[in-house]
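Trainee: fold the following and give me the result.
(2 chains)
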Amino acid sequence: MAVATSQFTLKEIKHRLRHGDTIFDALTLIAGSLALLTVLAIGWQLWQESHLTRQAFGWELIFSADWDPYGDKFGALPFIYGTLQTSLLALVIALPLGLGISIFLAELATPWLSRTLGFLVELLAAVPSVIYGLWGVYVFAPTIVKPIGETLNSIAGFIPLFAGSVSPQYSRLAASLILAVMILPTISAVSRDVFQAIPRAQREAALALGATHWEMIWQVLIPYGLSGILGAVILGLGRALGETMAVTMVIGNNYNLTASILEPGSTMSAIIASQFGEASSIDLFRSALIEIGLILFFITLVLNLFARLLVWRVARRVPSEMRV
Amino acid sequence: MLETTQSERLGIFTRALSGNTPQETSADTKTKMRVQNLDFYYGNFRAIAGVTMDIPEKSITAIIGSSGCGKSTLLRTFNRMGDLVGHTRVRGSVTLDGENIYDRNVDVVLVRRRIGMVFQRPNPFPKSIFDNVAYGPRLLGVGGKALEQIVEQSLRDAALWDEVKDKLHQSGLALSGGQQQRLCVARTIAVKPEVILMDEPCSALDPIATYKIEELMIQLRNEYTIVIVTHNMQQAARVSGLTAFMNMNPDRAGVLVEFGPTTQIFTNPAKKETEDYITGRFG
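Mentor: Numbering: from 1, shown residues only, chains lettered A, B, ... in the order given. Now for the predicted structure:
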């Protein structure tokens, strides 16, 4: 009797499980495809909606620096330059700083200090970007960015990057520095997790060979966690490329192409955000902004692919069971 | 008769011991490290209580005992690896050639340069075989031809050279577990330490790899002072000159029960506790 009952139940269970799996598999497949479909749909829409300017100007839109929407001149080069320049400078500033923070949190600080500071650093990521913008315009730019700009200008003013007149409030430098502050928590939090995931055996191996703390961090931990650190850089870069609000508020929305980081400029996301209202009634203008969006989308995609490739190349050196 | 005699029970070690050609520790053997009244605390918990032992130079000293009795903790106090874990405290002294390594003005980096360590699981760096071995010498500023010579000699001394000489620039992680552990030994001896600590170096290895590591230890004992922690009592019987047996006292602190020549510990232990442990009647 007992045997019969248990056989019956087993059959029931098997039956139920098989159907459960089918449904669950289908659901996850739909969820997964949705992510892909969304990306494709966005790309397709941007492509479709920008056909007016693509047909009218072709590649000229990318390589021309002349922006005069009411004179039917749509050159996006100043914005492409602005986006790339501010993002890269932000990264150059935030990477060493973020790495320093993560090393301090993971390797040097006492557990209590590490938790407290780590929480505060993560809090930086939770500050709304409009707050960063306000703070940037009224506090950061006049008190910190301006003196830095003046110093750079007086020392290295002969280099085009630091030439021109120092703008007291709005500048590409201000946007870069604000972006650096904004991507700092991403880089430091992700790198800290990377360092914390490195097996203790790796640290002990280095120390037992008579390495100093510094030698251990620099020669063992950083190479070991390199793929993870690169991942952190990609996340930071992604945020910097797309950041709109704070940048629009501090960069000054100057549509002329100048090389100097000390002068006001604009970025792709800033121009779209600041002019979309005006553009909605003029078809060609609207198409131009959408095409700028398409270019931004494409640049982000390419940078991500490139970064993936880099991570993959680095990660290949560490077998999967030891990977961070 | 249900009870086997003591000699029968200890008999299993005679074969292991017969393979051991112990360097007889004569009275004039120099003491390399001296542990005196050592207490080790994790926070308020005393993990090691009152250990005193003299480790002779150029010999293998084995530390045996049940899991959790503090063998590894004791070993890690010998090159101050215990410092790495927060909230630890040491009382008593560990001296290396008469100098207390816990002295306030001792540089811990220098201590670890003189006292190397091989760990329980092979832990090569995700670098090439060459770079793994070269890591320590490079820290000391060695480069060029001299570095190549050190790497080759260390790999030879670790009995790994013939297996890897054609692939020195492949990743150390591509090797088998046993080869990785010998690579770790090569990496350790490349900086010419005076003492090598081995923390259950064979626990993750198969019997053949274990055998190779044991052979290696027997070769290395002519030049290095080796202290090995092992779960494998036959391994202790096979390779060591002196054996220390540790156990937990009622407070769960590790204490040294008996310390003496390996042949004596395994054939004629002085303490009942030791005999119970090595004959498998423990606990």
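
Trainee: residue A:308 - nearest residue in space that isn't next to it in sequence?
Mentor: The shortest distance from residue A:308 to any non-neighbouring residue, by Cβ to Cβ, 6 or more residues apart in numbering or on different chains, is to residue A:234 (7.9 Å). For every residue, glycine as well, the C-beta is placed using N, CA and C.

Trainee: now swap in residue B:91 and tell me
Mentor: residue B:39 (4.1 Å).

Trainee: what about the one you found, distance to residue B:55?
Mentor: Distance of residue B:39 to residue B:55, computed by Cβ to Cβ, to the nearest Å: 18 Å.

Trainee: out of those two, which sits in the more crowded spot?
Mentor: Each of residue B:39 and residue B:55 has its neighbours counted (other Cβ atoms under 10 Å in any protein chain shown); residue B:55 has more, 22 against 16.

Trainee: confirm the more buried one sits in a strand?
Mentor: Yes: the assignment for residue B:55 by DSSP: H, G, I helix; E, B strand; the rest coil puts it in a strand.

Trainee: is it true that it touches residue B:30?
Mentor: No: at 10.3 Å, residue B:55 does not count as touching residue B:30 under the criterion of Cβ atoms under 8 Å.

Trainee: one step back: was I right about the residue nearest to residue A:308 contacting residue A:311?
Mentor: Yes: with contact defined as Cβ under 8 Å, residue A:234 reaches residue A:311; the gap is 7.4 Å.

Trainee: which residues of the stretch 101-250 of chain B lie near chain A?
Mentor: Contact residues, the stretch 101-250 of chain B versus chain A (Cβ under 8 Å from any Cβ of the partner chain): B:109-110, B:112-113, B:116-117, B:119, B:121, B:123-127, B:135-136, B:139-140, B:171, B:173-174, B:184, B:187-188, B:191.

Trainee: please list only the buried members of these.
Mentor: Among those, those buried by neighbour count (16 or more other Cβ atoms under 10 Å in any protein chain shown) are B:109, B:112-113, B:116-117, B:119, B:121, B:123-127, B:135-136, B:139, B:171, B:173, B:184, B:187-188, B:191.

Trainee: which of the residues you listed fall in helices?
Mentor: With DSSP state H as the criterion, helices contain B:109, B:112, B:113, B:135, B:136, B:139, B:184, B:187, B:188 from among these.

Trainee: which of the residues you listed sits closest to residue A:63?
Mentor: residue B:135 (50.1 Å; Cβ to Cβ).

Trainee: may I have the phi/psi pair for the residue of the stretch 1-150 of chain A at minimum distance from chain B?
Mentor: Per Cβ to the nearest Cβ, residue A:111 is where the stretch 1-150 of chain A lies closest to chain B, at 6.6 Å. For residue A:111, the backbone dihedrals (degrees, to the nearest 10) come out as phi -50, psi -40.

Trainee: give me the pLDDT for it.
Mentor: Predicted confidence (pLDDT) for residue A:111: 87.

Trainee: quick one: residues contacting it.
Mentor: Residue A:111 makes contact with residue B:86, according to Cβ atoms under 8 Å, 6 or more residues apart in numbering or on different chains.

Trainee: how about residue B:163?
Mentor: Contacts for residue B:163 (Cβ under 8 Å, 6+ apart) come out as residue B:179.

Trainee: which helix or which strand is home to it?
Mentor: In this assignment (DSSP states H and E), residue B:163 forms part of helix B:161-164.

Trainee: ok, now residue B:50?
Mentor: Going by DSSP H and E, residue B:50 is part of strand B:45-56.

Trainee: figure out how far that strand is from the centre of its chain.
Mentor: For strand B:45-56, the separation from the chain centroid amounts to 15 Å (computed by Cα atoms, centre = their mean, to the nearest Å).

Trainee: so for it, mean pLDDT?
Mentor: Mean predicted confidence for strand B:45-56 is 93.

Trainee: repeat that for stretch A:66-79.
Mentor: pLDDT averaged over stretch A:66-79 gives 89.

Trainee: with stretch A:232-249 instead?
Mentor: Here the average pLDDT along stretch A:232-249 is 91.

Trainee: show residues contacting it.
Mentor: Stretch A:232-249 is contacted by residues A:83, A:86-87, A:90-91, A:94-95, A:98, A:129-130, A:132-134, A:136-137, A:175, A:178-179, A:182-184, A:186-187, A:190-191, A:194, A:267, A:269-270, A:272-274, A:296, A:299-300, A:303-304, A:307-308, A:311 when judged by Cβ under 8 Å, 6+ apart.

Trainee: show me which of these are buried.
Mentor: Neighbour counting by 16+ other Cβ under 10 Å classes A:83, A:86-87, A:90-91, A:94-95, A:98, A:129, A:132-134, A:136-137, A:175, A:178-179, A:182-184, A:186-187, A:190-191, A:194, A:267, A:269-270, A:272-273, A:296, A:299, A:303, A:307, A:311 among the contacts of stretch A:232-249 as buried.

Trainee: list the contacts of residue B:95.
Mentor: B:33, B:34, B:36, B:101.

Trainee: same deal with residue A:285?
Mentor: Contacts for residue A:285 were tallied using Cβ under 8 Å, 6+ apart; they are A:69, A:74, A:275, A:278, A:279.

Trainee: export those to JSON lines and tack on neighbour count and secondary structure?
Mentor: What follows is the contacts of residue A:285, written out as JSON lines (neighbours: other Cβ atoms under 10 Å in any protein chain shown; DSSP: H, G, I helix; E, B strand; the rest coil):
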{"residue": "A:69", "neighbour count": "18", "secondary structure": "helix"}
{"residue": "A:74", "neighbour count": "22", "secondary structure": "strand"}
{"residue": "A:275", "neighbour count": "20", "secondary structure": "helix"}
{"residue": "A:278", "neighbour count": "13", "secondary structure": "helix"}
{"residue": "A:279", "neighbour count": "18", "secondary structure": "helix"}
